[in-house]
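Novice: Provide a 3D model corresponding to the input given below.
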Amino acid sequence: MKKLNITLLATTAVLATALLSACGSNQSSSTSTTKLKAGSFDVAYKNPDKAIKGGNLKIAYQSDSPMKAEWLAGLSDDATFGTMSSPAGGQDGIFFTNSSFKFINGGPANVSLDNSAKTATITLRKDLKWSDGSQVTAKDYEFTYEVTANPAYGSDRWTDSLANIVGLSDYHAGKAKTISGITFPDGENGKVIKIQFKAMTPGMTQTGNGYFLETVTPYQYLKDVAPKDLASSPKTTTKPLVTGPFKPANVVVGESIKYVPNPYYWGEKPKLNSITYETVSTNKSVAALSSGKYDFINQMTPSQYKQVKNLKGYKVLGQQQLYISLMYYNLGHYDTNKSINVQDRKTPLQDQNVRQAIGYARNVAEVDAKFSNGLRTPANGLIPPIFKQFTSSSVKGYEKQNLDKANKLLDADGWKLNKSTGYREKDGKELSLVYAACQGDSNQETIAQNYIQQWKKIGAKVSLYKGKLMEFNSWVDHMTTPPGANDWDITDGAWSLSGEPSQQDLFSAAAPYNMGHFNDPQITKDLNDIDSTKSENVTYRKAAFIKYQKDMNTKAYVIPTDYMLNYTPVNKRVVGMTLDYGDMKLWSEIGVSSNKMATK
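Specialist: Residues are numbered from 1 along each chain as shown. All right, here's what the predicted structure looks like:
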C-alpha cells in the first residue's frame, strides 16, 4: 500500500502514512438520506435539532503518545496527526470519492484517465486557494512528487507504484532534475496537470491506488526551505498553509490544534466558530466523555466500548474499518541506495516452517473474545471484509490456534525439544526470539505476555524487546527508519488501508513499509497480477486477490491477526455527524445545536 492512503497502527495506537480515504479527512458531508449500518451500529447521527450559528466543537483523538505535527502528507507518518489535520483538508487531499472509494467530480480537483494514451489529467478548481489567499497551482501538485521522490527530503513514500510514472525513477535516482512524465498544459501557475504512465492499472479509479498522488504542497511558501529542514520547519509543523474549511490558529506540538474558519475555502463556509482538537490518553478517555469534555473521541479502544455504549448524552456510531492487523517477522534490511528490500538476515525465521509455527501458536480468537467486546474478529487473510468483492472464505489463515500443527512443523524442521529447559534447539542454538511489542491500552501488556506463553508451549523462547513494551513513537522510528534494525524478530502492526486494497506499497520489493523486508518473486508476481491489465476483469481480479492472500498465508512472511469495527461516541448536541466514507463535506456541515453539551 502506501498509496498515500495508508495508515499504520501499532496494536491500538496508529502511525499514518496519509488519511485521504478516512472519514472526514477530505471533508465529508451528511446529506445522504439512506440509514447506513455497520454491524449493529448506525453510521450517522441524525440530530432532530438544527445547528446554531457558531459554537465550538470539542473533539479528541485517543493516543498515549504525543502527536507529531507535520502538515505535509509526503513527510507525515503519524495517524494521530493525520486524523487531527482533517478539518484543514486532511493534509490537503484534492479528490472527492464515493462510498465505494471511487473518484468523483466536484471536489478540490477532478481526475480524468485516458487508458489509450496512458495518462491522467488533473484539473484543480479555479477557486482553490491556500489559507493565505494564494492560488493552488499545478506546481503545488507536482511539488508533492518532488518531496516524495527526492531522497533529500527524507520521505518514506517512494514505491514501485510511483515508478510507473514516466521519468520519476530517474528523478528519484538523481539522474534527472525534473520529472519528464509530469507536465503543465497551461503552465506551472495554471490549474491543469498531465501525468504520463508507463502502464495503466485497474485500481487507478480508486482513491489510494498509489500510482499517482492525491495531495498538494505549497511550493511558493516552502521553496526556500532546505530539503533537510522541511520536515521540522515551522512552515510545516506549526504555521502551515492549508486548503480545507478550517485553518489552524494555534498548534501545540504533541497536544492540540485550535481551528478557525478558513476565509479562502472554496466550498460551503463552516457553521462552527472554532474546533478544538486534542489528544487524550487511553486511561482518561472514558472519564472525559462522562464529564462532557468532548463532543466525540476518535480511535477509542475496543476494550472501552462497554463503558461508553450507554453513556448519557451520547450516541455511539460505528463503521467497518479498512483495517488489518498483522504480525511481522524481521527477515532483512532496506537497501536505501537501490530502494529495495533485501531478505538476508540470519535468523531461524528465514524458514517457512518456523514462521508458520509461530503463527499457529497464537490464540488470537481467545484474545479477541476476551478484550475486544465483539469489535475485532480473527483475520483469515490480508484483505479486510469491507472489500467483500476481493475476499473469500476459501482463504485459510491463522485465525484458529493449532498447537499440534505448530509442534509438527518445528519437529519436521529439526527443532528438538530440550526437556530440561522446555525450549527447542537446532545445530546447538536455542529457538530464541525478541518480541518488539508496542504500548497500547491497559490490556496490551497482558496480551503480549499471553502470546509469549503460547509460544513457550511449542518450545519457542520469546522475550520482550529490552524487557518491556516499546513507546509508540520510538517503535515507529525503530521499525520504519532505513535500513532497519537487527535487534528484534517479531512485532505487531496494523494498517488502515486506502480505498484501493492492492498492497504493492506494503509488501512489494521496493516498499519501505515492508517492515520485515522480505523479497519474494512469487509475491511480487501476485502483486503485479492484481494491478495488471488482465485485472480490469472483475472476476479475474478477485481470483488474483485470493491467490495472493493464499500465497502470503503459505509463505507466512507476515501473519494476519484481526479485522475491526470502529466506534465513536458522539454527543447528542452535534449536528451533521457521519462516519460514511463517501461523505465529503463533514467539516463544512457539522455543527452543534447548543453551546452546552447534551446530558440526556
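
Novice: from here on, contacts and neighbour counts on C-alpha atoms
Specialist: OK.

Novice: The stretch 151-300 of the chain: strands as residue ranges?
Specialist: For the stretch 151-300 of the chain, the strands defined by DSSP state E, counting those that start in this stretch occupy 182-183, 192-196, 246-252, 256-261, 274-280, 296-298.

Novice: would you list those in TSV and tack on mean pLDDT, mean neighbour count and distance to S498?
Specialist: Putting these into TSV (pLDDT from 0 to 100; neighbours: other Cα atoms under 10 Å; distance: least, Cα to Cα, whole Å) gives the following:
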stretch	mean pLDDT	mean neighbour count	distance to S498
strand 182-183	98	21	24
strand 192-196	98	21	21
strand 246-252	96	20	24
strand 256-261	97	22	25
strand 274-280	97	22	24
strand 296-298	95	23	18
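
Novice: Please identify which of these is closest to A543.
Specialist: A543 lies closest to strand 192-196 among the strands of the stretch 151-300 of the chain, at 28.9 Å (Cα to Cα).

Novice: Direction included, what does the closest one pair against?
Specialist: According to DSSP bridges, strand 192-196 forms sheet pairs with strand 119-124 (antiparallel), strand 182-183 (antiparallel).

Novice: which residues touch the next helix or strand along the chain from the longest one?
Specialist: Right, strand 119-124. Next helix or strand after strand 119-124 toward the C-terminus (DSSP states H and E): helix 138-149. Helix 138-149 is contacted by residues 74-75, 124, 153-158, 168, 171-172, 182, 184, 187-193, 213, 215-219 when judged by Cα atoms under 8 Å, 6 or more residues apart in numbering.

Novice: go on, stretch 472-484?
Specialist: Counting by Cα under 8 Å, 6+ apart, 10, 13, 15, 64-65, 332-336, 438-440, 485, 512-513, 515 sit against stretch 472-484.

Novice: One more pass at 6 Å, please.
Specialist: 333-334 (Cα atoms under 6 Å, 6 or more residues apart in numbering).

Novice: List phi and psi for Q439.
Specialist: phi -60, psi 150 (degrees, to the nearest 10).

Novice: those helices in the stretch 501-600 of the chain, which residues are they?
Specialist: 504-507, 521-530, 538-555, 586-589 (DSSP state H, counting those that start in this stretch).

Novice: now do the stretch 301-450 of the chain
Specialist: 305-308, 352-361, 364-371, 403-412, 444-457.

Novice: Any idea which of those gets closest to K596?
Specialist: helix 305-308 (19.6 Å).

Novice: buried stuff in the closest one?
Specialist: 305, 308 (16 or more other Cα atoms under 10 Å).

Novice: mean confidence score for that helix?
Specialist: Mean pLDDT, helix 305-308: 94.

Novice: Kindly list the main-chain dihedrals of K58?
Specialist: Taking degrees, to the nearest 10 as the convention, K58 sits at phi -120, psi 110.

Novice: Show me what it bridges to in the sheet.
Specialist: Bridge pairing for K58 - DSSP bridges - gives T276.

Novice: if we can go back for a sec, for the strands paired with strand 192-196, give me a markdown table that also has distance to T554.
Specialist: Below are those laid out as a markdown table (distance: least, Cα to Cα, whole Å):
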| stretch | distance to T554 |
| --- | --- |
| strand 119-124 | 37 |
| strand 182-183 | 40 |
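
Novice: of all those, which lies closest to T237?
Specialist: strand 119-124 (25.0 Å).

Novice: The closest one to helix 138-149, inter-axis angle?
Specialist: When axes from the mean of the first three to the mean of the last three Cα atoms, to 10 degrees is applied, the directions of strand 119-124 and helix 138-149 differ by 120 degrees.

Novice: buried sites along strand 119-124?
Specialist: Judged by neighbour count using 16+ other Cα under 10 Å, the buried positions of strand 119-124 are 119-124.

Novice: Now do the residue sitting furthest away from the middle of the chain, the pLDDT please.
Specialist: No residue in the chain sits farther from the centre than S420, which is 44.9 Å out by Cα atoms, centre = their mean. At S420, the model reports a pLDDT of 95.

Novice: Equivalent analysis for T80, please.
Specialist: 85.

Novice: How far does the helix or strand where it lies sit from its chain's centre?
Specialist: Element membership for T80 (DSSP H and E) is helix 79-84. Centre-to-centre, helix 79-84 and its host chain are 10 Å apart (Cα atoms, centre = their mean, to the nearest Å).

Novice: What of stretch 280-287?
Specialist: 23 Å.

Novice: Identify each buried residue in it, please.
Specialist: Going by 16+ other Cα under 10 Å, stretch 280-287 has these buried residues: 280-282, 285-286.

Novice: ok, the residues you listed vs K456, which is closest?
Specialist: Checking the buried residues of stretch 280-287 one by one against K456 (Cα to Cα), the nearest turns out to be T282, at 30.2 Å.

Novice: Any idea what T377 is bridged to?
Specialist: Under the criterion used (DSSP bridges), T377 bridges to Y563.

Novice: Can we start the residue count at 47 from this point?
Specialist: In the new numbering, first residue 47, that becomes T423.

Novice: correct me, but it touches Y609?
Specialist: Yes - using Cα atoms under 6 Å, T423 makes contact with Y609 at a distance of 5.4 Å.

Novice: In terms of neighbours, single out the busier of those two.
Specialist: Y609 (26 against 18; other Cα atoms under 10 Å).

Novice: show me what contacts that one?
Specialist: 369-370, 422-423, 425.
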